[in-house]
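> here is a sequence with its predicted model. Questions after.
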Amino acid sequence: NAGVTQTPKFQVLKTGQSMTLQCAQDMNHNSMYWYRQDPGMGLRLIYYSASEGTTDKGEVPNGYNVSRLNKREFSLRLESAAPSQTSVYFCATGLEGSETQYFGPGTRLLVL
Amino acid sequence: GESVGLHLPTLSVQEGDNSIINCAYSNSASDYFIWYKQESGKGPQFIIDIRSNMDKRQGQRVTVLLNKTVKHLSLQIAATQPGDSAVYFCAEIPDSNYQLIWGAGTKLIIKP
């Protein structure tokens, strides 16, 4: 039972490059979330998915797209990376009807 | 806009003493609050939660107090241990869509 897993753990990109961050969960949770965390800051919600097949924008969606591939997987895509997207990205899951969220270990992204 | 913030960015306490981490929130409609612990290099981990119809909730070595009059909540950690070193975030849910609004975090440092 791995919980919430994220790949890659660390990535360096050049400005303009694209990449997809992967998140998978084996907790059978309906809700999944993508956050970014900048140094010394709290988490900010990028996108979330309340259930398979649905996605909604969070607080800071610009520059990102998401795909809820199935119940287990929720990916975050940067089409054209910018230095402002240098951050740590966390995926989280939640059970429908519960506010508690469970977090993955994070992906550290550096955009040069 | 609505926000959740923390009074102190860093808190140093002696090992064995009690720690008190404070958090202010501005959305009086919020009815659910969570404390998360984030150790270095890891994702946030749920500690304890409290609903707005309560003013105190206790867990194992932790207590959360909620003062709705002044929109303030606190996390008390009893007999602080080295393993308590982390950044602590408060988060609120202002409505029923389970989107967390996070504070900036307080770093707890344990002095030997």
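Yep, that arrived.
> when you work out contacts or count neighbours from here on, use the C-alpha atoms and nothing else.
Will do.
> tell me the phi and psi of A:Gln85?
Main-chain dihedrals, A:Gln85, degrees, to the nearest 10: phi -90, psi 0.
> burial check on the residue nearest to it when sequence neighbours are not counted, number of neighbours?
Computed as C-alpha to C-alpha, 6 or more residues apart in numbering or on different chains, the closest residue to A:Gln85 that is not its neighbour in sequence is A:Val111, at 6.7 Å. The burial count assigned to A:Val111 is 17, neighbours taken as other C-alpha atoms under 10 Å in any protein chain shown.
> and what of B:Val64?
25.
> gap between it and B:Ala78?
When distances are taken as C-alpha to C-alpha, to the nearest Å, B:Val64 and B:Ala78 turn out to be 11 Å apart.
> how confident was the prediction at the residue nearest to A:Gln85?
A:Val111 is assigned a predicted lDDT (pLDDT) of 97.
> was I right to think it contacts A:Ser80?
No. Applying C-alpha atoms under 8 Å, one finds A:Val111 not in contact with A:Ser80, separated by 10.3 Å.
> overlap of the contact sets of these two?
Common contacts of A:Val111 and A:Ser80 (C-alpha atoms under 8 Å, 6 or more residues apart in numbering or on different chains): A:Thr15.
> so for A:Gly97, what's the pLDDT?
pLDDT at A:Gly97 comes out at 66.
> where does pLDDT dip in the chain?
All of this is about chain A. Residue ranges of chain A with pLDDT under 70: A:1, A:97-98.
> ah, no, chain B please
Under the criterion of pLDDT under 70, the regions of chain B flagged as low confidence span B:1-8, B:95-98.
> okay, now the residue in it that chain A sits nearest to: neighbour count?
Nearest residue of chain B to chain A: B:Ala104, at 4.2 Å (C-alpha to the nearest C-alpha). Number of residues near B:Ala104 (other C-alpha under 10 Å) recorded here: 25.
> no further queries at this time; thank you.
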